[in-house]
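Asks: coordinates only, sequence not included:
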C-alpha cells in the first residue's frame, strides 16, 4: 500500500486530483457553514424560536469556525 501511495505521489495527475478533492472539500465545508449561518440568522430575525441565547452561542461558533476555514 505504501509503495502504491508513493507511486501515486510521484504521478503529477494524481497530485492534482488530490488537490482538487481537498479544494472541493474545503468549499463544501464553507458552503455548509454559510448555510447554517443563514439558517440561524433567519431563525433569530423571525423570532420563531424562543431559544435566542442558544442560537447566538451557536452563531458565534459558526462564525468563528467559518472564518477559520477561510
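Replies: Looks like it arrived, so ask away. Keep in mind it's a predicted model, so treat the numbers as computed, not measured.
Asks: I'd like to know which elements the strand or helix carrying residue 31 is packed against.
Replies: Using DSSP states H and E, the secondary-structure element containing residue 31 is helix 12-46. Contacts defined by 3 or more C-beta pairs under 8 Å, 6 or more residues apart in numbering; DSSP states H and E place helix 12-46 against helix 52-69. Every residue, glycine included, has its C-beta placed from N, CA and C.
Asks: neighbours around residue 28, how many?
Replies: Applying other C-beta atoms under 10 Å, we find 10 residues neighbouring residue 28.
Asks: the one 4 residues further on now?
Replies: When neighbours are defined as other C-beta under 10 Å, residue 32 has 13 of them.
Asks: and residue 19, how far from residue 41?
Replies: When C-beta to C-beta, to the nearest Å is applied, the distance between residue 19 and residue 41 equals 33 Å.
Asks: quick one, which of the two is more surrounded?
Replies: residue 41 (13 against 10).
Asks: and residue 42, how far is that from residue 36?
Replies: Residue 42 sits at a distance of 11 Å from residue 36 (criterion: C-beta to C-beta).
Asks: so the two - more neighbours on which side?
Replies: Looking at residue 42 and residue 36 with other C-beta under 10 Å, you find the greater number of neighbours at residue 36, namely 16 against 10.
Asks: give me the below-cutoff pLDDT ranges for the protein.
Replies: Along the chain, the model assigns pLDDT under 70 to residues 1-13, 43-70.
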